[in-house]
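Novice: no FASTA, just this:
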Ligand SMILES: Cc1cc2nc3c(=O)[nH]c(=O)nc-3n(C[C@H](O)[C@H](O)[C@H](O)COP(=O)(O)OP(=O)(O)OC[C@H]3O[C@@H](n4cnc5c(N)ncnc54)[C@H](O)[C@@H]3O)c2cc1C
């Protein structure tokens, strides 16, 4: 028995993309579904409300993408970024089934928009949501309510009662009380633990105190901890996460997409000592932004500064913050609280090392430095035309990878022998580490959530109804 004495077939914990994919699928399979979400209704949708696109396999250009993106190319992209740290069977399943994701989402009311251009360069591989993640999630909620899925907000699942690998009930804190809600099966789609700074410190040490969290403050990993404590087999590591450079002036939580600083490849990036520390032009930005969050986090005080001149604004997606601006490098340094002499020295050495060539902001242009350490291998133009601009950067954590191992039915694997749990399924960020042991390709988070959300919903309903 559950909420108001009702009984449910399937409980879904969380109300983000993976949860709604699971809930809708389970409900369409005739299950009675209750979704439990810790956030208030207006802050439902976790990190999913911040997303913009999904990477999915397709054979040809469509209204939403500019060309084909075969499964094999998707697989090669994944293999490269993870350096092989992926469960090939599950990963291939996600990539293959991602081919149906856009159609399925549209059937649930989600709308897509024309391809975008800009430094993201994802127009061929990723379909963009009309109205962003908020639009996508609101469409799901309308459909979910229409087909009779029930929701309970401000309802934190604090514990799970298990009998061996069998789910019995969830302890739910709501309205100042904790009560037990039982169901025949449970789908845990409660996201990662990126909003839990103490847990981040386990992987990153005290440095995590200076990290900013790009998404929901509610993703504290309570469900992940409960599952791991109950013997669920872990996957990936505590120091693996997706992190990008964001404006240091961003709020500690929920700054979303508008805080990401995308000018790194056209800039020089210096640390607090005004020294460069990595090749800013290594590759196109979508293939590199995820390493820059880590790089910034490894610098003294976990802060860095991207410096550009007046040739660059307009070439990248602007952030919500105006850059710091000055007519000279020394003034810019003072405003950024950097040593002016040290920044001048770094900039002069860089400008001197720049080789001649043609600057092309749209692709790696080979415009490089010579004799400079670290080198800049593309987009190395002189930074010499005032005014000069600077963005202070901090590590912005998008999501964590440590999660629970699952099988192809989305069942949580328990104990060292990895026994599939009887009626406990996991989907989305909480199990994304099965696919992403490290690294990232933009838009894969949504693909994992849609594919495993649907599988979890189907299997949980099958388990409940049979
Ligand atoms: C700024 C930003 C931009 C992004 N852009 C993209 C993009 O364009 N494409 C892409 O593929 N990915 C993107 N991502 C990653 C993407 O957001 C995630 O991969 C995806 O949203 C995860 O979905 P989920 O359903 O697993 O988790 P979430 O959407 O985070 O949902 C988890 C839900 O569980 C709830 N919850 C947590 N604990 C409990 C509990 N104990 N009890 C009850 N409820 C609980 C939370 O409140 C939350 O609502 C982005 C992330 C961020 C932060």
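Specialist: Perfect, I can see it now. In this text the structure is predicted, and so the values were computed from the model without any measurement.

Novice: How about the residues of the stretch 101-250 of the chain by the ligand?
Specialist: Taking Cβ under 6 Å from any ligand atom, the part of the stretch 101-250 of the chain that reaches the ligand is made up of 156-157, 189-191, 214-216, 218-219, 222-223. Yep, even glycine has a C-beta here, placed from its N, CA and C like the rest.

Novice: just those residues now: which is nearest residue 99?
Specialist: For residue 99, the nearest member of these is residue 189. The distance, counting by Cβ to Cβ, is 21.9 Å.

Novice: show me where the stretch 251-400 of the chain has helices.
Specialist: Chain-ordered helices for the stretch 251-400 of the chain, with DSSP state H, counting those that start in this stretch as the definition, fall at 285-297, 329-335, 340-353.

Novice: which one of the ones you listed lies closest to residue 114?
Specialist: When the helices of the stretch 251-400 of the chain are ranked by distance to residue 114, counting by Cβ to Cβ, first place goes to helix 285-297 at 18.5 Å.

Novice: and the closest residue in space to residue 411 that isn't next to it in sequence, helix, strand or coil?
Specialist: Closest residue in space to residue 411, ignoring its immediate chain neighbours: residue 420 at 4.0 Å, by Cβ to Cβ, 6 or more residues apart in numbering. Here residue 420 takes the strand state, with states given by DSSP: H, G, I helix; E, B strand; the rest coil.

Novice: partners of residue 420 in the sheet?
Specialist: Note on residue 420: beta-bridge partners by DSSP bridges are residue 413.

Novice: Compute the distance between it and residue 371, please.
Specialist: Distance from residue 420 to residue 371, counting by Cβ to Cβ, to the nearest Å: 57 Å.

Novice: Save the helices of the stretch 251-400 of the chain as TSV, and put in distance to the ligand too.
Specialist: As requested, these are exported to TSV (distance: least, Cβ to the nearest ligand atom, whole Å):
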stretch	distance to the ligand
helix 285-297	11
helix 329-335	27
helix 340-353	30
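
Novice: most tightly surrounded among those?
Specialist: Among these, helix 285-297 has the highest mean neighbour count (mean count of other Cβ atoms under 10 Å), at a mean of 21.

Novice: what about the strands in the stretch 301-450 of the chain?
Specialist: Assigned by DSSP state E, counting those that start in this stretch, the strands in the stretch 301-450 of the chain fall at 304-308, 324-326, 388-400, 403-404, 411-414, 419-426.

Novice: Name the strands paired with the longest one and say parallel or antiparallel.
Specialist: Counting by DSSP bridges, the strands paired with strand 388-400 are strand 212-213 (parallel), strand 241-247 (antiparallel), strand 304-308 (antiparallel), strand 324-326 (antiparallel).

Novice: that older thread, out of the strands of the stretch 301-450 of the chain, the one nearest residue 88 is which?
Specialist: strand 411-414 (16.4 Å).

Novice: So what's the model's average confidence on that closest one?
Specialist: The average of the pLDDT scores along strand 411-414 is 98.

Novice: Kindly report the same for stretch 278-292.
Specialist: On average, the pLDDT along stretch 278-292 is 86.

Novice: what's the span of that stretch, first residue to last?
Specialist: Distance between the boundary residues of stretch 278-292 (Cα to Cα, to the nearest Å) amounts to 9 Å.

Novice: Low-confidence stretches in this protein?
Specialist: Counting by pLDDT under 70, the low-confidence segments of the chain come to 1-5, 117-120.

Novice: hey, where'd the strands end up in the stretch 51-200 of the chain?
Specialist: 53-55, 112-113, 126-129, 150-152, 156-163, 166-174, 177-188.

Novice: what separates residue 347 from residue 48, distance-wise?
Specialist: Residue 347 sits 41 Å away from residue 48, taking Cβ to Cβ as the criterion.

Novice: what's around residue 434, how many residues?
Specialist: Using other Cβ atoms under 10 Å as the criterion, residue 434 is surrounded by 25 other residues.

Novice: Then the one 5 residues further on?
Specialist: One way to gauge burial is a neighbour count; for residue 439, by other Cβ under 10 Å, it gives 21.

Novice: what does the domain assignment say about this protein?
Specialist: Each structural domain of the chain that the record assigns through automatic domain parsing is listed here as a residue range: 3-205+215-238+401-465, 243-396.

Novice: Tell me the gap between the first one and the middle of its chain.
Specialist: What it means is domain 3-205+215-238+401-465. On the basis of Cα atoms, centre = their mean, to the nearest Å, the separation between the geometric centre of domain 3-205+215-238+401-465 and that of its chain is 12 Å.

Novice: for stretch 351-360, same thing?
Specialist: When distances are taken as Cα atoms, centre = their mean, stretch 351-360 is centred 34 Å away from the chain's centroid.

Novice: could you check the angle strand 177-188 makes with the lengthiest helix in the chain?
Specialist: Secondary structure of the chain read by DSSP state H shows that its longest helix is helix 444-465. What separates the directions of helix 444-465 and strand 177-188 is an angle of 110 degrees, with axes from the mean of the first three to the mean of the last three Cα atoms, to 10 degrees.

Novice: How about helix 444-465 and the ligand, any contact?
Specialist: Yes: contact of helix 444-465 with the ligand is found when judged by Cβ under 6 Å from any ligand atom, involving 444-446, 449.

Novice: any idea which of those is closest to the ligand?
Specialist: Within the residues of helix 444-465 next to the ligand, proximity to the ligand (Cβ to the nearest ligand atom) peaks at residue 445, which comes in at 2.3 Å.

Novice: correct me, but the closest one touches residue 51?
Specialist: Yes: Residue 445 is within contact range of residue 51, at 7.1 Å (criterion: Cβ atoms under 8 Å).

Novice: Looking at the two, which is more packed in?
Specialist: residue 445 (27 against 24).

Novice: Helices along the stretch 1-150 of the chain, start to end?
Specialist: 17-28, 71-82, 88-98, 101-107, 132-146.

Novice: So which of the ones you listed has the densest surroundings on average?
Specialist: The highest average neighbour count among the helices of the stretch 1-150 of the chain, using mean count of other Cβ under 10 Å, belongs to helix 17-28 at a mean of 30.

Novice: Show me what that one is packed up against.
Specialist: When contacts are defined as 3 or more Cβ pairs under 8 Å, 6 or more residues apart in numbering; DSSP states H and E, helix 17-28 packs onto strand 8-13, strand 33-36, helix 132-146, strand 177-188, helix 444-465.
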